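Undergrad: 3D model of this:
(one chain, ligands or ions: 1)
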Amino acid sequence: MNIIKVDDYQAMSQWACQHIIGKINQTNHPVLGLATGSTPEGMYQCLIDSYQAGFVSFKDVTTFNLDEYVGLAIDDPNSYHSFMQDKLFNHINIREEQTHLPNGNTKDHQQECKDYERLIQQAKSIDLQILGIGLNGHIGFNEPGTPFTSRTHVVELDPLTREANARFFNQKQDVPTHAITMGIETIMESKEIVLLVSGANKAEAVKRLVTGELSESFPASILKQHDNLTIVVDQAAAVHLN
Ligand code: GLP
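TA: Residues are numbered from 1 along each chain as shown. Got it, this is the predicted structure:
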């Protein structure tokens, strides 16, 4: 595990952006695992700026997102499909058919999970997976108690997660109760993982990750078993780390 401490959100975003650009430029047909939430927004803006400045091309890039809400139409403003279009895909030269998110608005969610998992397997493996962390240690939407052996599956969202994500919705009741998420084992099969952590509200979570025990009650704890994990943490989130 490699821990990189940076000053602030902007420095974290810049680091992640440059790391992704390096990976894209060094890899033949790179496969990226992408995350949503507030944490990666600055990184995405930096990638857009870098594309517009001619430093990177997404022509040969394939992406797989971690998760999607169940029951939201793809074009719902709060769907993760919409998030990715707005924050990245609409502004770069990525081919739409090479971007993937689970579809949370199908009739058969179990089949959707199997199909999504198969697509990831067919893409060889994810070269670089970007992750954020939930306040309760979730990665993707793998909530506490999720088996470390899980593959892409449907989850019931933890009340804490629904509360944390209510800020994006008109009212708390509008936050979906379920989501489809890449499984923990699927995430762990990525060749490299970069976990981004920013802000004082994440300080406890990152402390527990770095110093705590391996436990399914804290899903992110599995990441320490990965042989190519980098945690990029800003000062506010790193207050409890030595
Ligand atoms: C969300 C996402 C996760 C994300 C996490 C933290 O619900 N499903 O992929 O990493 O929670 O979100 P944020 O970056 O907004 O703090």
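
Undergrad: What helix or strand is Ala179 located in?
TA: Per DSSP states H and E, Ala179 falls inside strand 178-181.

Undergrad: The lowest-mean-pLDDT helix or strand in the chain vs the ligand: in contact?
TA: The helix or strand of the chain with the lowest confidence, counting by mean pLDDT, DSSP states H and E, is helix 159-165 at a mean of 93. Yes. Contact of helix 159-165 with the ligand (CB under 6 Å from any ligand atom) involves 161, 165. From N, CA and C alone the C-beta is placed, and that goes for glycine too.

Undergrad: Flag every buried residue along that helix.
TA: 161-162, 164-165 (16 or more other CB atoms under 10 Å).

Undergrad: what do you get for stretch 46-64?
TA: 46-48, 50-51, 56, 58, 61-64.

Undergrad: and those residues, which of them are in helices?
TA: 46-48, 50-51 (DSSP state H).

Undergrad: Go back to those and keep what's next to the ligand.
TA: Applying CB under 6 Å from any ligand atom to those, none is adjacent to the ligand.

Undergrad: what does the chain put close to the ligand?
TA: Contact residues, the chain versus the ligand (CB under 6 Å from any ligand atom): 35-39, 66-67, 132-134, 140-141, 161, 165.

Undergrad: tell me the contacts of Asn28?
TA: For Asn28, the contact set (CB atoms under 8 Å, 6 or more residues apart in numbering) comprises Asp60.

Undergrad: whoops, Leu196 was the one
TA: Leu196 touches 12, 16, 35, 39-40, 43, 130-132, 232, counting by CB under 8 Å, 6+ apart.

Undergrad: Now do the same contact list for the most centrally placed residue in the chain.
TA: Centroid check for the chain by CA atoms, centre = their mean gives Ala35 as the closest residue, at 2.4 Å. Counting by CB under 8 Å, 6+ apart, Ala35 touches 65-66, 130-132, 140, 196.
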